[in-house]
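turn this into a model:
(chains A and B)
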Amino acid sequence: DSGVTQTPKHLITATGQRVTLRCSPRSGDLSVYWYQQSLDQGLQFLIQYYNGEERAKGNILERFSAQQFPDLHSELNLSSLELGDSALYFCASSVGGTREETQYFGPGTRLLVL
Amino acid sequence: AQKVTQAQTEISVVEKEDVTLDCVYETRDTTYYLFWYKQPPSGELVFLIRRNSFDEQNEISGRYSWNFQKSTSSFNFTITASQVVDSAVYFCALSKTSGTYKYIFGTGTRLKVLA
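Presented below is the predicted three-dimensional model:
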C-alpha cells in the first residue's frame, strides 16, 4: 500500500459526459501527479501540482483539467468524454515535487467510456 | 526529442532463470533521470529505481540489478533467479532534470515467470 488513495476505483460513463477523479496523496506529500495509461497511448504524464499550484504540464487534453485543493487532495476533471478516453488514470505523490524524488502511485481509477 | 524503447514486448522464463529486460533511450539532454517501474497484475505502479545520468555505476538490490551504459544509451534491468511473483509489466522511463518537465515511459515489457 503506497498511501495514495484514488476514488472511484471504476467508472463507467457515456460519451459526452463529464467525470471527476479524486486523489489523496500520502500524508506530508505536497506534490501530486496525474498519469493516463491506455492501450493506444501507453503511459503518459498529464499534469503535476505542487502545494496547490500547477507545476508542470504534459500531454493533457484541453477537455481535461485538474486542481489541487488546500488540503492537498487533487481532482482530475474529464469532460466531453470520448471513447478514446477510456483508460486507467493514476495519481502519484511525492514529498516536494522535485524531479529526483520517488513518486508513489495510487491504485488507479479505471474509466470506461461507452 | 526524448524517446524510450523497450523492444521486448513479452518474455517468458521458467522460475529460477535469470532474465534481462532491455531499455534504450534517446535524449539530447546532458543530464537526465532514468527509472524502472513494476506493474503487477493488480495494476498499481511500483517504483523500483531512479538513476541520475551522472552516475553510471551499476546497482544491485537483492535479486534485481541495473546496468546503465551511457555509451549505448541503455539502462537494462536484470532479475536473477526469477520467481513467479516477478511476473508483471515493467516500464522504463526517462525524465529531464531541468527545463520543461517531460516524463516519458517506454511501452513496457510483460514478464511471465512460469513455475
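
now do the lowest-mean-pLDDT helix or strand in chain A: which elements does it pack against?
Here the helix or strand of chain A ranked lowest by mean pLDDT, DSSP states H and E is strand A:53-57, holding a mean of 90. Packing contacts for strand A:53-57, counted by 3 or more CB pairs under 8 Å, 6 or more residues apart in numbering or on different chains; DSSP states H and E, involve strand A:42-50. C-beta: built from backbone N, CA, C; applies to glycine.

tell me which strands and helices the strand it packs on is in contact with?
strand A:31-38, strand A:53-57, strand A:64-68, strand A:74-78, strand B:103-105.

hang on, isn't B:Val4 packed against B:Lys102?
No. Using CB atoms under 8 Å, B:Val4 is not in contact with B:Lys102; the gap is 10.9 Å.

who has more neighbours out of these two?
B:Val4 (22 against 17; other CB atoms under 10 Å in any protein chain shown).

quick one: end-to-end distance for stretch B:7-15.
22 Å (CA to CA, to the nearest Å).

quick one: is that stretch near chain A?
No. Against chain A, stretch B:7-15 shows no contacts by CB under 8 Å from any CB of the partner chain, the least distance being 12.0 Å.

joint contacts of B:Val4 and B:Lys102?
Common contact partners of B:Val4 and B:Lys102 (CB atoms under 8 Å, 6 or more residues apart in numbering or on different chains): B:Leu94.

let's have the helices and strands packed on strand A:42-50 in JSON lines, adding mean neighbour count and distance to B:Val46.
Below are these laid out as JSON lines (neighbours: other CB atoms under 10 Å in any protein chain shown; distance: least, CB to CB, whole Å):
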{"stretch": "strand A:31-38", "mean neighbour count": "24", "distance to B:Val46": "14"}
{"stretch": "strand A:53-57", "mean neighbour count": "14", "distance to B:Val46": "22"}
{"stretch": "strand A:64-68", "mean neighbour count": "19", "distance to B:Val46": "23"}
{"stretch": "strand A:74-78", "mean neighbour count": "20", "distance to B:Val46": "21"}
{"stretch": "strand B:103-105", "mean neighbour count": "22", "distance to B:Val46": "14"}
